[in-house]
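Novice: Sequence below, structure please.
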Amino acid sequence: MPAAVDDPVRTLRSRVQRVLDGFLDRQREILRSESADLLPLVDATADLLAGGKRLRPAFCYWGWRGAGAPDQPAIVSAAACLELFHAAALVHDDLMDASDTRRGMPSAHRRFAALHSEAGWHGDPERFGNAAALLLGDLCLGWSDELLHASGLCDQAMRRGRPVFERMRTELMGGQYLDMLEQATGGLWLAGQAERAQLVIRYKSAKYSVEHPLLLGGTLAAASPRVLTAYSDYGLALGEAFQLRDDVLGVFGDPVQTGKPAGDDLREGKRTLLVAYAHERASPAQASEVEALLGDRQLDGAGIDRLREIIVSTDALARVERLVADLVDRATAALDAADVAAEARTALRALITAATVRSG
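Specialist: Have a look, this model is predicted:
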């Protein structure tokens, strides 16, 4: 049944969820046959996959349709693999950032630490939780590859698409390392912090959130080089705007909507463009406050409010909002110039709003 385009995210969400549910049911039986003790791995994955907006599968699906390929179950299955890929990134990201929550629930490493504590097992619960989360992230990454391979697309399509998938995986891991490196080196206080923050945005989030899903769908459908170039132009601009909106929500968002405590990005000391802009124009006194407060795991509400005040007063928030608007304009212009099917153009235009106008 052809997908409608009035809400491309909502329309695909149930189809993607059915694919994921079926895949996890099969994995549950495989692990159950080995030991029932392994089922918490599947349960944790299922809970993580129960939320989310399914943006990455939507970009992949409409990248396929934009190249003129028809709707079929195989492309929905292939697109669904990106949710498992994203789940792997979230689990590892929360572990590296020592985040307590994800989508309003305990993060994976906290979940498994609690399992250890409640069962009264030997050893350190935190160490057990960290190790379990590492394994869970690796498992989700492997499962994403498995689901793509088993999607039902023809061998020729898979040969075309696999290099895109593999590059996406490599660039994401590189981006994660760059993000970790920035925090370890105190990158905020060095020259060129805004440029480095943008580099992290591009490789840690923007490319795997929008550009690579689009390119995967387009490449699987044998899109022309011209269409793939348009997808890259659209995808990079929109992917960066998407992450910048996420960064703003990480500081100013409503915890009920974001599923994370207010100001959690500030406690974690994330060197976002928002913070880099604030530091660039901060007075010496303000810069000292940012250096003292950013990354304080015990930062209270007053400290968060003070950092927010500095971000606003230095025009950092307004600069990021202007950049988001500019990136949206670039993505829109790239889409308008692209030679894609009309139905896909409508959907991809709607996805611009879905990715950048959100509260969580």
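Novice: what sits up against the helix or strand containing residue 345?
Specialist: Per DSSP states H and E: residue 345 is located in helix 342-356. With CB atoms under 8 Å, 6 or more residues apart in numbering as the test, helix 342-356 has contacts from 5-9, 53, 55, 58-59, 62-63, 65-66, 209-210, 234, 238, 241-242, 245, 324, 328, 331-332, 335, 338, 340. In short, each C-beta sits where N, CA and C put it, glycine included.
Novice: what about burial for those residues, which qualify?
Specialist: Buried residues within the contacts of helix 342-356, counting neighbours by 16 or more other CB atoms under 10 Å: 5, 8-9, 55, 58-59, 62-63, 65-66, 209-210, 234, 238, 241-242, 245, 324, 328, 331-332, 335, 338, 340.
Novice: In helices, which of the residues you listed fall?
Specialist: With DSSP state H as the criterion, helices contain 8-9, 55, 58-59, 62-63, 65-66, 234, 238, 241-242, 245, 324, 328, 331-332, 335 from among the buried ones among the contacts of helix 342-356.
Novice: in this protein, which spans are strands?
Specialist: 101-102, 105-106 (DSSP state E).
Novice: And these: which comes nearest residue 270?
Specialist: strand 101-102 (15.1 Å; CB to CB).
Novice: Now do the contacts for residue 20.
Specialist: Taking CB under 8 Å, 6+ apart as the test, what residue 20 contacts is 49, 80, 83, 84.
Novice: repeat for residue 126
Specialist: Neighbours of residue 126 in contact, by CB under 8 Å, 6+ apart: 109, 113.
Novice: going forward, begin numbering at 226 instead of 1
Specialist: I'll keep to 226 as the first residue from here, and by that count the last item is residue 351.
Novice: Distance of it relative to residue 317?
Specialist: Distance, residue 351 to residue 317, by CB to CB, to the nearest Å: 16 Å.
Novice: Buried by neighbour count: which residues of the worst-scoring helix or strand of the chain on mean pLDDT qualify?
Specialist: One helix or strand of the chain scores below all others by mean pLDDT, DSSP states H and E: helix 480-483, with a mean of 78. Using 16+ other CB under 10 Å as the test for burial, helix 480-483 gives residue 483.
Novice: and what of stretch 350-360?
Specialist: Here stretch 350-360 shows 350, 353, 354, 355, 357, 358 as buried, counting by 16+ other CB under 10 Å.
Novice: swap in stretch 538-549?
Specialist: Within stretch 538-549, the residues scored as buried using 16+ other CB under 10 Å are 539, 541, 542, 544, 545, 548, 549.
Novice: quick one: which of these is nearest to residue 441?
Specialist: Using CB to CB, the buried residues of stretch 538-549 come closest to residue 441 at residue 549, 24.7 Å.
Novice: Give me the distance between the closest one and residue 517.
Specialist: Remark: distance between residue 549 and residue 517 (CB to CB) = 29 Å.
Novice: Low-confidence ranges, the stretch 226-375 of the chain, go.
Specialist: 226-234 (pLDDT under 70).
Novice: go again using 90 as the cut-off
Specialist: Counting by pLDDT under 90, the stretch 226-375 of the chain contains low-confidence ranges at 226-237, 276-278, 322-324, 326-329.
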